[in-house]
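>>> I would like the atomic coordinates for the input below:
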Amino acid sequence: MKKLMYIFLVLSVLTGCKEKKDAGAMKGMPTLAISVAKPIVKDITLTKDYPGYLTTEKTVNLVARVNGTLQSVSYAPGGRVKKGQLLFVIEPTLYNDKVAQAEAELKTAQAQLEYARNNYSRMKEAVKSDAVSQIQVLQSESSVTEGVAAVSNAEAALSTARTNLGYCYVRAPFDGTISKATVDVGSYVGGSLQPVTLATIYKDNQMYAYFNVADNQWLSMLMSSSPQNGTETSKLPRTVTVNLGKDGRQSYPATLDYLSPNVDLNTGTLTVRANLDNPEGILKSGLYVSITLPYGEQKQAILVNSASIGTDQLGKYLYVVNDSNIVRYRHITIGQLIGDSLRQVTDGLSPQERYVTKALMKVRDGMKIHPVD
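Numbering: from 1, shown residues only. Predicted structure coming up:
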């Protein structure tokens with residue numbers, strides 16, 4: 001028993017010596033140099049991002065409006081075409097013959113009308129001397145009326161024949177980009193109730209970006225853009241930014257030009273449209289994009305380096321350094337990302353406080369550091 005007491009006493013002495021040694025070592029350790037900074041305070045624009053998609057200003061299917069064999073295709077698939085440029089030719093021979101036939105019928109009708117008019121004039125003179133009867137005069141007058149109608153019918157037939165002949169030559173209705181032909185040269189087109197689509201042309205010098213905004217978000221943005229809550233914008237701006245790609249580095253300015261007059265009951269959203277220029281034809285219909293919608297101005301916003309913000313089970317936090325150079329863990333509330341590296345802090349940090357900018361893994365709450373601005 002006495003031997004056991006001696007062993008416990010020796011262990012206690014050894015443990016006490018080790019603790020004193022560790023404390024002395026900690027006391028002698030140099031203070032870490034840690035980068036710190038004060039937050040940036042400046043006015044910012046409040047924005048929200050929404051997913052959307054692009055469409056062209058116009059999309060037109062070029063169809064075969066007459067029957068016949070496709071004789072030629074005169075464009076490069078996927079290329080740009082000019083308004084009025086000849087694209088397709090559909091066997092015009094038959095329709096040329098119909099135009100010639102209609103022209104001949106019109107000349108015949110005009111000649112018959114001229115004869116009827118001359119005959120009617122002679123009849124009116126002859127009836128004065130009782131050389132002809134009144135019935136003959138009425139018959140000649142009726143022939144004139146019939147001749148006028150025949151000329152009108154012939155003119156209409158000629159117009160129809162010329163129109164059909166024009167349909168044999170399919171031209172671009174506007175400047176744009178055209179798809180490949182859906183029908184090969186030599187194929188017969190037409191002959192059915194459903195017109196045959198030859199190609200699709202896109203007027204893409206201007207694009208539309210469509211996106212949906214939830215009704216409650218739209219109302220909250222309208223309220224946020226009022227003079228309360230530190231903002232001074234009285235209404236939503238008309239200028240937005242369309243971002244292409246996951247990183248959003250390709251951005252295009254756009255202008256809001258349409259807001260749906262009602263909320264979709266199925267989705268609870270409003271449809272919004274913005275238009276943007278596409279002079280080089282880089283943007284394509286159907287591309288998915290994100291739209292950055294500004295809705296107000298925040299005065300004196302507090303901004304910190306986004307890389308300085310940590311995340312744990314409680315949310316977002318910063319390591320704040322007090323006047324005694326002691327690190328303190330601080331839970332914060334963040335706002336939107338500004339640019340590529342700054343994040344708005346809406347609660348938990350004052351403009352005069354310093355925070356740790358780098359080496360978050362090297363610091364902990366209560367640790368004394370040597371701050372480096």
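
>>> elements contacting the lengthiest strand in the chain?
Across the chain, the longest stretch assigned as strand under DSSP state E is strand 40-64. Strand 40-64 is packed against strand 86-90, strand 196-214, helix 215-224, strand 239-244, strand 288-305, strand 333-338, with contacts defined by 3 or more CB pairs under 8 Å, 6 or more residues apart in numbering; DSSP states H and E. (Glycine included, C-beta is placed from N, CA and C.)

>>> again, only this time at 7 Å
strand 196-214, strand 288-305, strand 333-338 (3 or more CB pairs under 7 Å, 6 or more residues apart in numbering; DSSP states H and E).

>>> And those strands: which comes nearest Asp365?
strand 288-305 (18.1 Å; CB to CB).

>>> Pull out the C-alpha coordinates of that closest one and format them as CSV.
Output of strand 288-305 as CSV, limited to C-alpha atoms (Å, rounded to 0.1, in the frame of the first residue of the first chain):
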residue,chain,number,x,y,z
TYR,A,288,-29.5,29.2,-71.5
VAL,A,289,-28.3,32.4,-69.8
SER,A,290,-28.5,34.2,-66.5
ILE,A,291,-30.0,37.7,-66.2
THR,A,292,-28.8,40.1,-63.6
LEU,A,293,-31.6,42.4,-62.6
PRO,A,294,-30.7,45.5,-60.6
TYR,A,295,-33.5,46.7,-58.3
GLY,A,296,-32.0,49.4,-56.0
GLU,A,297,-28.9,51.2,-54.6
GLN,A,298,-27.5,50.4,-51.1
LYS,A,299,-25.7,53.3,-49.5
GLN,A,300,-22.5,52.7,-47.4
ALA,A,301,-22.5,48.9,-47.9
ILE,A,302,-19.9,46.9,-45.9
LEU,A,303,-17.8,44.7,-48.2
VAL,A,304,-15.2,42.1,-47.2
ASN,A,305,-13.1,39.7,-49.2
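
>>> From the chain's centroid, how far away is that strand?
20 Å (CA atoms, centre = their mean, to the nearest Å).

>>> same thing with stretch 133-150?
Distance, centroid of stretch 133-150 to centroid of chain: 66 Å (CA atoms, centre = their mean).

>>> Same check on stretch 352-365?
42 Å.

>>> Pull out the buried residues from it.
Residues of stretch 352-365 classed as buried by neighbour count (16 or more other CB atoms under 10 Å): Glu353, Arg354, Tyr355, Val356, Thr357, Leu360, Val363.

>>> So which of those sit within strands?
Using DSSP E, those in strands are Arg354, Tyr355, Val356.

>>> Helix or strand next in line after the helix or strand encompassing Ala116, which one?
Element membership for Ala116 (DSSP states H and E) is helix 93-126. Heading C-terminal from helix 93-126, the first helix or strand you meet, by DSSP H and E, is helix 134-167.

>>> That next one - contacts with which helices or strands?
When contacts are defined as 3+ CB pairs under 7 Å, 6+ apart, helix 134-167 sits against helix 93-126.

>>> So, low pLDDT: which residues of the chain?
1-30, 127, 132, 191-193, 222-237, 246-249 (pLDDT under 70).

>>> which one of the ones in strands among the buried residues of stretch 352-365 sits closest to Leu32?
Nearest to Leu32 among those, with distances taken as CB to CB, is Val356, at 10.5 Å.

>>> That closest one contacts Ile34, correct?
Yes: using CB atoms under 7 Å, Val356 makes contact with Ile34 at a distance of 5.7 Å.

>>> Need the overlap of contacts for these two.
Common contacts of Val356 and Ile34 (CB atoms under 7 Å, 6 or more residues apart in numbering): Val363.

>>> Make a markdown table from the ones in strands among the buried residues of stretch 352-365 and add distance to Thr197 to it.
A markdown table is the format used below for those (distance: CB to CB, whole Å):
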| residue | distance to Thr197 |
| --- | --- |
| Arg354 | 67 |
| Tyr355 | 62 |
| Val356 | 64 |
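
>>> What are the buried residues along the helix or strand hosting Val272?
Assigned by DSSP H and E, Val272 belongs to strand 269-277. Residues of strand 269-277 classed as buried: Thr269, Leu270, Thr271, Val272, Arg273, Ala274, Asn275, Leu276 (neighbour count, 16+ other CB under 10 Å).

>>> Let me see the contact set for the first one.
Just to be clear, that refers to Thr269. Going by CB under 7 Å, 6+ apart, Thr269 touches Asn212, Val213, Ala214, Asp215, Val263.

>>> Check the third one too.
Under the criterion of CB under 7 Å, 6+ apart, the contact list for Thr271 reads Tyr210, Asn212, Ser260.

>>> Give me the phi and psi for the last one.
The reference is to Ser260. Reported as degrees, to the nearest 10, the phi and psi values for Ser260 are phi -60, psi 140.

>>> quick one: it and Leu270 touch, right?
Yes: with contacts counted by CB under 7 Å, Ser260 reaches Leu270, the gap being 5.2 Å.

>>> List the neighbouring strands of the helix or strand containing Ser251 plus their orientation.
Ser251 is part of strand 250-259, with elements assigned from DSSP H and E. Take DSSP bridges as the rule and strand 250-259 pairs in its sheet with strand 239-244 (antiparallel), strand 269-277 (antiparallel).
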